[in-house]
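Visitor: Give me a 3D structure for the following:
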Amino acid sequence: MGIIEVKQRDERLTQDLLKVWESSVRATHLFLSNDEINQIKQYVPEALKNISILLVSQKEDKTPTGFMGIADHMLEMLFIGDEYRGQGMGKELLQYGIDHYAVNKLAVNEQNPLAKGFYEHMGFEVYKRTELDEQGEPYPLLYMQRIEKEISKT
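Guide: Down below sits the predicted model:
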């Protein structure tokens, strides 16, 4: 497995990352209906195209297993394909973002407690909560910032 920063974002990569996104969301965002997932999915290609920094974890054959988007030291997106969850890829990607891009803030859906726990394990803590997500939908967000402490490498 490796992590690459993607500068050229062609249609094939976008479609591959869209599959990763959907696999991840269907496994972790149980509060969303099928219709809501399909509606949000329409906006993902544009988000992938416009994010400042796009990092992709991939297998040796270049198949994407996960990806992360960063803008202004804020983690904007982190998705790991369902079949690769629990193998340390999210931790590897996020640590890479912290080490190389000074990621120190993020927002996570309150209804995704596994993600919140993961970010807490990685040294982030909640500093703000909103009732609505950034699109004005009724999905509370927790805004988290990284606190300086030694994170175990296990």
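Visitor: ok, so what distance separates Asn104 from Lys128?
Guide: Distance, Asn104 to Lys128, by Cβ to Cβ, to the nearest Å: 14 Å. Just so you know, the C-beta spots here come from the backbone N, C-alpha and C atoms, and that holds for glycine as well.
Visitor: likewise Leu75?
Guide: Between Leu75 and Lys128 the computed distance is 15 Å (Cβ to Cβ).
Visitor: Same drill for these two, tell me which one is more crowded.
Guide: A side-by-side neighbour count of Leu75 and Lys128, using other Cβ atoms under 10 Å, places Leu75 first with 25 against 10.
Visitor: Assign that one to helix, strand or coil.
Guide: When the structure is reduced to helix, strand and coil (DSSP: H, G, I helix; E, B strand; the rest coil), Leu75 reads as strand.
Visitor: Specify the local secondary structure of the nearest residue to it once chain neighbours are set aside.
Guide: Spatially, and ignoring its direct neighbours in sequence, Leu75 is nearest to Leu106 (3.9 Å; Cβ to Cβ, 6 or more residues apart in numbering). Classification of Leu106 by three-state DSSP places it in strand.
Visitor: Show the pLDDT at Leu106.
Guide: Per-residue confidence (pLDDT) for Leu106: 97.
Visitor: The chain should start at 616 in everything you say after this.
Guide: Noted, 616 is the first residue going forward, which turns the last one into Leu721.
Visitor: What count of nearby residues applies to it?
Guide: Number of residues near Leu721 (other Cβ under 10 Å) recorded here: 24.
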